[in-house]
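Chemist: Have a look at this prediction, sequence included:
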Amino acid sequence: MPFAQARDGTNLHVKDTGSGAPVVLIHGWPLTGDMFEYQTLALLEAGHRVITYDRRGFGQSGHPVGPYDYDTFADDLATVLEAGDVRGATLVGFSMGGGEIARYLSRHGPERVAKAALISSVVPYLLKDDSNEDGVDASVFEEMKQNIRKDRFDFLQTFAKQFYGVGMVSSPVSSALLDWTFQLAVMASPKATIDCVDAFGRTDFRPDLASFTMPTLIIHGTSDKTVPIDAAGRAAARGIPHANFLEYEGEPHGLFATAPDRLTSDLLNFIAL
């Protein structure tokens, strides 16, 4: 199943490998499903069926003019699950990908989902306003869009350093991994890259939290400068009170690469419960 066709005809690039209990990995902005290289390998070796896909506008999926909103993204996730007849899945959403899970559950229900994991996720609400004092100021998102328009390539390289905490964590990622990250990110449609800043920055998932009725894992780095833990991980843990919340002390946003062994171990333990 290299491609699944979304409801508007957009082709979604899907990688579906292995067998056993299915795990669906939903990538962050502005990358592709391949960002989960460490986790995919470990999950396959542990005997799982692993499904990744590129969000519309990114990687090898179709690059339509739009729309780039979470109702559409949630419906795309539904398409992937239905095309692969996926049942009893553990959905793992990184950063922007956490929003897909939240909106999918509220729009499509939990029938195909056994467990959910939010990793460095934007859930429940990033934008700072009167109801969300811990959020990110709107000017930050506007500046991001301006810099993408001005020089998307320079923005992506600069953003990746903050993403992985280069200069901050004790074991920063290699320059080769930064190059790989740039290669994944530059594949995206410029319009999708810009439009998704509003999608992940301004979408309020607080009404969706009640749909997390299944076992839920939340993991967030305390030094995440991209998606601050107070606005995201800690707020999600308050909104999903039955969730298991793990704080990774000192870790940045891209902990799938800065703490891959710890993340993989925690995911495998959670799936096995």
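Modeler: Yep, that arrived. Numbers count the residues shown, from 1 in each chain.
Chemist: hey, where'd the strands end up in the chain?
Modeler: In the chain, the segments counted as strands under DSSP state E are 3-5, 11-17, 22-26, 49-53, 89-94, 113-119, 216-221, 244-248.
Chemist: do you know which of those lies nearest A192?
Modeler: Among the strands of the chain, strand 11-17 comes nearest to A192, with 13.0 Å by C-beta to C-beta. To be clear about C-beta, it is placed using only N, CA and C from the backbone, and glycine gets the same treatment.
Chemist: What's the mean pLDDT across that closest one?
Modeler: Strand 11-17 shows a mean pLDDT of 98.
Chemist: tell me what that strand is packed against?
Modeler: For strand 11-17, the elements it packs on are strand 3-5, strand 49-53, helix 70-83, judged by 3 or more C-beta pairs under 8 Å, 6 or more residues apart in numbering; DSSP states H and E.
Chemist: That strand: which residues count as buried?
Modeler: Buried positions in strand 11-17, judged by neighbour count with 16 or more other C-beta atoms under 10 Å: 11-16.
Chemist: Adding distance to I229, write the strands of the chain out as a markdown table.
Modeler: Formatted as a markdown table, the strands of the chain follow (distance: least, C-beta to C-beta, whole Å):
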| stretch | distance to I229 |
| --- | --- |
| strand 3-5 | 33 |
| strand 11-17 | 30 |
| strand 22-26 | 20 |
| strand 49-53 | 25 |
| strand 89-94 | 15 |
| strand 113-119 | 12 |
| strand 216-221 | 5 |
| strand 244-248 | 7 |
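Chemist: From F155, how far out is H253?
Modeler: Between H253 and F155 the computed distance is 16 Å (C-beta to C-beta, to the nearest Å).
Chemist: so what's the nearest residue to D69 once chain neighbours are set aside up against?
Modeler: Of all residues not flanking D69 in the chain, A199 sits nearest, at 5.7 Å (C-beta to C-beta, 6 or more residues apart in numbering). Going by C-beta atoms under 8 Å, 6 or more residues apart in numbering, A199 touches 68-70, 73, 96, 99.
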